[in-house]
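>>> Sharing a model that was predicted from the sequence below.
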Amino acid sequence: MSSPIRRIPWPPIDPDDAEATASLEWLVTNGIGGYASGTVSGVVTRRYHGLLVAALPSPLGRIVMLSHLAEQLRLDDGRRFDIGGREPSGDAPDARGTGYLTEFRLEAGLPVWRYDVAGLSVEKRLFLRHGQNSVQISYSLSGADRVDLVLRPSVNFRRQEAPVSERLAWPYECRAVDDRFEVLLDDSNLPPLRFKVHARDSSFVLKGRRTENVLYPVEESRGYHARGDLWSPGYFCFALGNGEPATLVASTESAETMGFLESDSALTAEQNRRERLLARVQPLPPGGLIGELLLAADQFVITPAVRRDETVQAQASGDEVRTIVAGYHWFTDWGRDTMISLEGLTLVTGRHVEAGCILRTFAKHVRNGLIPNLFPEGEREGLYHTADATLWFFHAIDRYLAYSGDSVTFGMLYPILKDIVRWHLAGTLFGIHADTDDGLLAQGAPGYQLTWMDAKVDGWVVTPRRGKAVEINALWYNALKLMEQWATEQADPASAEYGRLAERVFRSFNERFWYEDGGHLFDVVDGEDPASGSQDRRWNDAKCRPNQIFAVALPHPVLDRSRWAAVVDTVRDRLLTPVGLRSLAPGDPDYKTRYFGDLPARDAAYHQGTVWAWLAGPFVDAWLRVHPEDAAGARRAVHGFARHLDRACVGSISEVFDAEAPYTARGCIAQAWSVAEVLRVLVKLERCAQADPRQTHASNRRPAGEPVSLGVPSSS
């Protein structure tokens, strides 16, 4: 099978554009929440950059263990060349790196660097062993019989979200154990960082060095502490021969675990694992954009190492814990993001077993009729301040059943779903309740942001949206219609009541949400009057936002068919960009063109114009519902992402983009629902084209489309 390869010649595009060069990053993950990430040039610019950010059990969370690796070639004639990132210093780094990098590429999603210097070439490969906190970095030489390679590691042992200015832990201890070297902290619950070299004529020189006042430019631009210290225990030196790859392994795993696989076997195992991921979706072309996004999707599906107790409990009952990291670098697993991403990351990719594990994992955490909004870094228990995540749970289950037919899992979930509806009808936390007057779902509590538009800084909720939000009620109606269907299948007499509730919501929604003057839907009705700061049943928010698209896009659309086209056309004309939908239409007094600056500035723009990639998915669904023969129109909504994969985080999709051209990528460099929704609709369009090139959508009933065979058996 031909795996996808993405090549980026270096320097990229404009060699004089230092900002664009510095913004190119890479990401590799390990399936348990840990990762390695940095700039292509080798310059450390973020607090989250590191060659090993280990995911450790609660209460530790993710820890930056191996921060940096300086790489120097030493030739026989005495010349020395810094080929990767130079040793960190307090000076402003050169974003272009050392000048010897000539190509960066992803092979099956794994990064490869090529350095050309003094007539010879060195290629570097990096990956994380799946299920381990172990990074493996290999080097190969061509153009010479032998050179010496010197590697100086720098460490920090800092919680990934901690400011870089945090005082360096001290003292570090370095010791040799058999053929390994270990760096550890006295009186610490952190594991040692173990190093092992697989190379000819290797040695280690103990020469500790503290580097002070290292600058992290991206942190500086985002208004955070931007200078901190690193420590290096010394350096490794070994021979690099033509045709003889050399490898450094750094790990927080036990020495026994490190030794289970030799370095070449470990790389082969990871390559084979990725080939199997691609094989699950045959006959789709593995070398195209879909293949690249399939590999990007793998980065988010994890077994959470931090909640080890939960994993043990699940395994005792014959199950497995799975969840989805919402985004790298700083997000953990969020309920809303997980449920929205489930179809794109696990179902269209043939990972049905893991999808079932994810749903059962979150079902165990339902409290007061809600699934968690998020699990804080390093914590076992979730936070529940969300009005929509639980409603997305219904949608995710619906899609899972359509792909897998897993009646056993559904039998476990159905009583929980019934209880969730009861809580919403009676009223649950944060003012979430069905209004007895009209059946619509209301939500809101002072100081809380409960919808996906959840920016908050220093107590300021930027878009509170208290009241009856348009997408919340689209999801509420969809959930009630699903319950009506499922209750019928279960011979549950409650089916009729769910149907009556849904019909009431449908009538009330269409009476209340249509904004005649604007030709679109209100974003919130019975909302919070910004003038008085209190809720007013007469105040409706007429801002043109993308949330209205869900009234058309969900499997059971709450909007009357006669108004579908008007909503979709408005969203296309005012909100659609090549990389997703704007969160607010231009011309609004609150509209912001750039997501940039310190935290207050960014949060003020987060949902006030900033483009969100994941919204391209529901737009495609809604477009095909209104224009079932227009695949070209649907494809235009995602055409900008192929170019984007050469930018920001190479091979993945960012969280957000500026609201105006050139739509600069911002936020997390790799976001689960961005990848999931773009991948989902690309697969959907490809499958429809394969089935019948003249047709783009088989039915107007389910905009997500009935899943077609992916060439693998279901996991039920």
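Arrived safely, thanks for sending.
>>> can I assume N30 is in contact with L56?
No: judged on CB atoms under 8 Å, N30 makes no contact with L56 at a distance of 11.9 Å. For the C-beta atoms, the positions are set from N, CA and C on the backbone; glycine is no exception.
>>> so what sits against both of those two?
Residues touching both N30 and L56 (CB atoms under 8 Å, 6 or more residues apart in numbering) are N133.
>>> Look at S121 and say how many residues are nearby.
Using other CB atoms under 10 Å, S121 is surrounded by 16 other residues.
>>> ok, it - contacts?
Applying CB under 8 Å, 6+ apart, the residues contacting S121 are R114, Y115, L141, S142, G143.
>>> Sort out which of the residues you listed are buried, if you could.
With burial judged by 16 or more other CB atoms under 10 Å, the buried subset of the contacts of S121 is R114, Y115, L141.
>>> Which strand residues bridge the second one?
Which is Y115. L101, V122 (DSSP bridges).
>>> Next one: it relative to E256, how far apart?
The gap separating Y115 from E256 is 34 Å, by CB to CB, to the nearest Å.
>>> Point out where the stretch 601-716 of the chain drops to low pLDDT.
For the stretch 601-716 of the chain, the stretches with pLDDT under 70 are 691-716.
>>> Show me what secondary structure element comes after the helix or strand bottoming out on mean pLDDT in the chain.
Ranked by mean pLDDT, DSSP states H and E, the helix or strand of the chain with the weakest confidence is strand 534-535, at a mean of 63. Where DSSP states H and E defines the elements, the next helix or strand beyond strand 534-535 is helix 550-553.
>>> the strands in the stretch 451-600 of the chain, which residues?
Secondary structure of the stretch 451-600 of the chain (DSSP state E, counting those that start in this stretch): strands at 456-457, 460-461, 468-469, 514-515, 520-521, 524-525, 528-529, 534-535, 576-577, 580-582.
>>> least reliable of those strands going by mean pLDDT?
For the strands of the stretch 451-600 of the chain, mean pLDDT drops lowest on strand 534-535, to a mean of 63.
>>> mind listing what V567 touches?
Contacts of V567 (CB under 8 Å, 6+ apart): H520, L521, Q548, I549, A551, V552, L559, A622.
>>> L554 now?
Taking CB under 8 Å, 6+ apart as the test, what L554 contacts is H395, A474, L475, N478, P618, P703.
>>> could the residues you listed go into a markdown table alongside distance to E511 and neighbour count?
Shown next, in a markdown table, are the contacts of L554 (distance: CB to CB, whole Å; neighbours: other CB atoms under 10 Å):
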| residue | distance to E511 | neighbour count |
| --- | --- | --- |
| H395 | 24 | 22 |
| A474 | 15 | 30 |
| L475 | 19 | 26 |
| N478 | 18 | 25 |
| P618 | 24 | 25 |
| P703 | 24 | 23 |
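>>> farthest pair in these?
By the measure CB to CB, L475 and P703 form the most distant pair in the contacts of L554, at 14.0 Å.
>>> got the residue ranges for the strands in the stretch 251-400 of the chain?
301-302, 323-324, 327-328.
>>> same thing with the stretch 601-716 of the chain?
Going by DSSP E, counting those that start in this stretch, the stretch 601-716 of the chain shows strands at 611-612, 656-657, 665-666, 670-671.
>>> F104 looks like it's in a helix, true?
No: counting by DSSP: H, G, I helix; E, B strand; the rest coil, F104 is located in no helix; its state is strand.
>>> That one contacts L110, correct?
No: here F104 lies out of contact with L110, judged by CB under 8 Å, at a distance of 11.6 Å.
>>> Look up how far V117 lies from S142.
12 Å.
>>> Give me the common contacts of the two.
Counting by CB under 8 Å, 6+ apart, nothing touches both S142 and V117.
>>> Per the annotation, how does this structure divide into domains?
Split into domains by automatic domain parsing, the chain comes to 5-268, 280-691.
>>> Where does the prediction get shaky in the stretch 251-400 of the chain?
283, 285-287.
>>> switch the cut-off to 90
259-264, 280-288, 306-312, 377-381 (pLDDT under 90).
>>> Ok, the stretch 401-550 of the chain next?
For the stretch 401-550 of the chain (pLDDT under 90), the answer is 446-447, 454-461, 463-464, 528-539.
>>> What segments of it are helices?
All helices of the stretch 401-550 of the chain, identified by DSSP state H, counting those that start in this stretch, fall at 407-426, 470-489, 495-512, 550-553.
>>> from those, which stretch is densest packed?
Across these, the average number of neighbours (mean count of other CB atoms under 10 Å) peaks for helix 550-553, which reaches a mean of 27.
>>> Report all helices and strands that that one contacts.
helix 470-489, helix 564-574, helix 616-626 (3 or more CB pairs under 8 Å, 6 or more residues apart in numbering; DSSP states H and E).
>>> mind checking how far the second one is from the chain centre?
Read that as helix 564-574. 28 Å (CA atoms, centre = their mean, to the nearest Å).
>>> could you give the mean pLDDT of that helix?
98.
>>> how far off helix 470-489 does that helix point, in degrees?
140 degrees (axes from the mean of the first three to the mean of the last three CA atoms, to 10 degrees).
>>> gap between the residue lying farthest from the centre of the chain and S203?
What lies farthest from the middle of the chain is D77; by CA atoms, centre = their mean that is 47.3 Å. Going from D77 to S203 by CB to CB gives 21 Å.
>>> just T303 next, same as before
37 Å.
>>> Neighbour count: those two, which is higher?
T303 (21 against 10).
>>> Regarding the more buried one, what are the backbone dihedral angles?
Phi and psi for T303, reported as degrees, to the nearest 10, are phi -100, psi 110.
>>> What separation do you get for it and T323?
8 Å.
>>> hang on, the earlier thing: mind putting the contacts of V567 in a markdown table, distance to L599 included?
Output for the contacts of V567, formatted as a markdown table (distance: CB to CB, whole Å):
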| residue | distance to L599 |
| --- | --- |
| H520 | 31 |
| L521 | 31 |
| Q548 | 29 |
| I549 | 28 |
| A551 | 32 |
| V552 | 34 |
| L559 | 36 |
| A622 | 33 |
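>>> Send me stretch 376-386 as CSV with only the CA atoms.
In CSV, the C-alpha atoms belonging to stretch 376-386 read as follows (Å, rounded to 0.1, in the frame of the first residue of the first chain):
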residue,chain,number,x,y,z
PRO,A,376,-9.2,19.1,33.8
GLU,A,377,-5.5,18.4,33.3
GLY,A,378,-4.3,15.7,35.7
GLU,A,379,-7.7,15.2,37.3
ARG,A,380,-9.9,12.1,37.6
GLU,A,381,-13.3,13.8,37.8
GLY,A,382,-14.9,16.0,35.2
LEU,A,383,-16.6,19.4,35.2
TYR,A,384,-20.2,19.6,34.1
HIS,A,385,-20.9,23.2,33.0
THR,A,386,-22.3,22.5,29.6
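>>> For it, give me every contacting residue.
Contacts for stretch 376-386 (CB under 8 Å, 6+ apart): 58-62, 159-161, 306-307, 309-310, 332, 335-336, 365, 367-368, 370-375, 429-430, 448-450.
>>> wait, isn't H520 in contact with T570?
Yes: counting by CB under 8 Å, T570 is a contact partner of H520 at 4.4 Å.
>>> Neighbour count for those two, which is higher?
Applying other CB under 10 Å to H520 and T570 shows that H520 carries more neighbours, namely 26 against 20.
>>> residues in contact with that one?
C544, Q548, A566, V567, T570, V571.
>>> Stretch 198-211: how far from the chain's middle?
The chain centroid and the centroid of stretch 198-211 are separated by 36 Å under CA atoms, centre = their mean.
>>> can you check stretch 551-564 too?
28 Å.
>>> cool, stretch 546-561 as well?
25 Å.
>>> and what of stretch 443-450?
Taking mean C-alpha positions (CA atoms, centre = their mean), stretch 443-450 and its chain are 25 Å apart.
>>> How about it, which residues are buried there?
Q443, G444, Y448, Q449, L450.
>>> need the strands of the stretch 451-600 of the chain in TSV with distance to Y224, can you?
Output for those, formatted as TSV (distance: least, CB to CB, whole Å):
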stretch	distance to Y224
strand 456-457	13
strand 460-461	18
strand 468-469	32
strand 514-515	40
strand 520-521	38
strand 524-525	33
strand 528-529	31
strand 534-535	35
strand 576-577	28
strand 580-582	26
